[in-house]
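1. sequence-free structure coming up:
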């Protein structure tokens, strides 16, 4: 078996046996053994209207400020109607023009834009090898970028050929891993980076989903006004809502937000709701609960609907997990 085929098999093996964060890092390191680079990114570009914002991004040897500085130094990036991108970044522009293929870019030979050159010098990027998926996923575009710092270390034709072979599999393996680990991906916190006015530079997919649960009509690029107002308070720099909690750290001109789902509070249930919920979590049906508690099935149904709503769960399995975690599930 040649080394390229072995790498592809390893990518899918990683997808099945690693957590989400570990999988991305292991895949990057696997490719790095055959295709050297100093830093890398794998993730998505979220599309909100016609704006492009990095989401679900995993960074390898890259400071988080690179994402915030990108929009600050290079401006917004816009998706056009024909699926291309309006950007000052020559590597991303060239890659969007060749979606589904890896594109090597010598930054200094590709642009005279002083802001781009200053940005690349600041983050030690001389050469880029970028792949943008041509598979249509609503609201996002998958992307992988590898970067080299030395002006002499250009990406060769062999590097591009290896990337064309491996990177589509890398994206597919990552998607498989996300599906396999979705039930376990209960990260304690997920991040958003914005400026002081609330303009979003970067957000994890989980953070966007949580913010949209709290504010269903909200979309980037600006944080919800209610949240921005709370975070402007120098005393707390925090927000507690119905579904989430946000803690904020100010780093220069950047807000680093940690977004956490609020733990369900079993104490919000009435005694009657807790009794019905406990029996439902043990697997009993409406009629069985009603018979055991001496209630009508419709009353039990109303109590359970109220409990589901208060605890933000959708089924008996989730209900059982919440009750057990809070010590409210009596052992039989």
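-> Done, it's in. Just so it is clear, the model here is predicted, and its values are computed rather than measured.
2. Skip ahead from the host helix or strand of residue 289 and say which helix or strand is next.
-> Mapping residue 289 onto the secondary structure by DSSP states H and E places it in helix 286-293. For helix 286-293, the succeeding helix or strand toward the C-terminus, using DSSP H and E, is helix 297-311.
3. Tell me where the protein has helices.
-> Remark: helices of the chain, listed N- to C-terminal, are 3-17, 20-34, 65-74, 90-96, 107-110, 114-122, 157-181, 205-214, 225-231, 271-281, 286-293, 297-311, 316-325; assignment by DSSP state H.
4. With respect to residue 253, which of these lies nearest?
-> Each of the helices of the chain was checked against residue 253 via Cβ to Cβ, and the shortest separation belongs to helix 65-74, namely 7.9 Å. C-beta: built from backbone N, CA, C; applies to glycine.
5. Mind giving me the packing neighbours of that closest one?
-> Using 3 or more Cβ pairs under 8 Å, 6 or more residues apart in numbering; DSSP states H and E as the contact criterion, the neighbours of helix 65-74 among helices and strands are strand 51-60, helix 114-122, strand 190-195, strand 200-203.
6. re the thing from before, now the helices of the chain in JSON lines, please, with extra columns for mean pLDDT and mean neighbour count.
-> Formatted as JSON lines, the entries for those read as follows, by pLDDT from 0 to 100; neighbours: other Cβ atoms under 10 Å:
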{"stretch": "helix 3-17", "mean pLDDT": "93", "mean neighbour count": "15"}
{"stretch": "helix 20-34", "mean pLDDT": "94", "mean neighbour count": "18"}
{"stretch": "helix 65-74", "mean pLDDT": "86", "mean neighbour count": "18"}
{"stretch": "helix 90-96", "mean pLDDT": "95", "mean neighbour count": "21"}
{"stretch": "helix 107-110", "mean pLDDT": "96", "mean neighbour count": "16"}
{"stretch": "helix 114-122", "mean pLDDT": "96", "mean neighbour count": "15"}
{"stretch": "helix 157-181", "mean pLDDT": "93", "mean neighbour count": "18"}
{"stretch": "helix 205-214", "mean pLDDT": "89", "mean neighbour count": "19"}
{"stretch": "helix 225-231", "mean pLDDT": "91", "mean neighbour count": "17"}
{"stretch": "helix 271-281", "mean pLDDT": "89", "mean neighbour count": "20"}
{"stretch": "helix 286-293", "mean pLDDT": "89", "mean neighbour count": "16"}
{"stretch": "helix 297-311", "mean pLDDT": "88", "mean neighbour count": "17"}
{"stretch": "helix 316-325", "mean pLDDT": "75", "mean neighbour count": "17"}
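7. Can you add distance to residue 199 and give the ones you listed back as TSV?
-> Putting the helices of the chain into TSV (distance: least, Cβ to Cβ, whole Å) gives the following:
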stretch	distance to residue 199
helix 3-17	34
helix 20-34	26
helix 65-74	8
helix 90-96	20
helix 107-110	26
helix 114-122	18
helix 157-181	27
helix 205-214	14
helix 225-231	10
helix 271-281	42
helix 286-293	49
helix 297-311	33
helix 316-325	35
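8. Among the ones you listed, single out whichever gets nearest to residue 50.
-> When the helices of the chain are ranked by distance to residue 50, counting by Cβ to Cβ, first place goes to helix 90-96 at 13.5 Å.
9. from the chain's centre, how far out does that closest one sit?
-> Using Cα atoms, centre = their mean, to the nearest Å, the mean C-alpha position of helix 90-96 is found 22 Å from that of the whole chain.
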